[in-house]
Each structure stands twice: as structure tokens, then as C-alpha cells.
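Q: Predicted model and sequence follow; I will ask about them next.
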Amino acid sequence: MGDSRIFGYTSKMIAKAMDVSAKRHNLITGNIANMDTIGYKPADLDFNNTLERAMKGKEPDYIDKTHPKHLPPDGDDAFVMKGENSEDVDIYHLDSVNIDTEMMHLMENNIKYRTAVELKARKSALMNTAIEEGGR
């Protein structure tokens, strides 16, 4: 993003929260899609711990090269998804995915994502107001 004085820490954290929520959504929907798979182990990530890890990672202000002819990968290591088994999983039965639990996780994640989107929209509206008022 441009100048850090305009698009500062808050905007970056909102964007990271949205990224973590989107990745968690993919894990939860994968669990639901595989609910009839024998031996499937549901995976999930802890939103708060993942966001905290992403917030602690320092953002480089340069592109670091590993070799003069190579660029580093575009992936962001702070968001590497490491699926963990849920505590309420019985891996020896077909019904290892509890649809009620997964739908609850999906709804909770949806609320967090929508909150982040609303925060981003309000931040943008505030910027728009500042631009309009500054032009008068």
C-alpha cells in the first residue's frame, strides 16, 4: 500500500484479519466437503493465534534475493496453514466431521470476516470524507 501515514497499521491488520478468515473458511468448507470420507480428520486453525503470528511478522521494505538471479517466493510465511485435529474427532468412525460443529465454526468465522469488511469500509469512508473536505 502507498504511504504508511495514510494506509497505516490499522489497514494492514484489517487486511491480515480478512486473509486469516478466508483461509479458515477454506479449511472449514473442506471439512464439510469431506464429511463422508472414511478416516478424514477435520482441520482448523485458531483465528486469534494465526492473526497474532501474522501481526508479529515484520514487513520488509525491500525485496530480499536468495540468489542474484532469483526472487523470493510470493507466499507469506505468517499465513501458512497448519491444520490441526479438532478435539471432538473420532477418527475410527465415518462421522468424524460433526456438521453442527463445522457450521458453528463457519458462522463464527463469517461474523469475524464481515466485521473486518465493515471496519475496512468505514476506514475507506473516513478517507473519502477527508479527501472531500480537504478539496473545499
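A: Nice, I can see it. It should be emphasised that the depicted structure is a prediction, and the values quoted were computed from it without experimental measurement.
Q: helices or strands next to the longest helix seen in the chain in the packing?
A: Looking only at the chain and at elements set by DSSP state H, the helix with the highest residue count is helix 99-134. If contacts are counted by 3 or more Cβ pairs under 8 Å, 6 or more residues apart in numbering; DSSP states H and E, helix 99-134 sits against helix 9-33. Backbone N, C-alpha and C define where each C-beta goes, glycine included.
Q: Any buried residues in the helix it packs on, and which?
A: Residues of helix 9-33 classed as buried by neighbour count (16 or more other Cβ atoms under 10 Å): 11, 14, 16-21, 23-25, 27-28, 30-31.
Q: Help me confirm that Gly30 comes into contact with Ala43.
A: Yes: between Gly30 and Ala43 there is a contact under Cβ atoms under 8 Å: 7.1 Å.
Q: Report the separation between Met103 and Thr37.
A: For Met103, the distance to Thr37 equals 18 Å [Cβ to Cβ, to the nearest Å].
Q: repeat for Thr101
A: Following Cβ to Cβ, the distance that separates Thr101 from Thr37 is 16 Å.
Q: residue contacts, Ala15?
A: With contacts taken as Cβ atoms under 8 Å, 6 or more residues apart in numbering, Ala15 has the following neighbours: Lys120.
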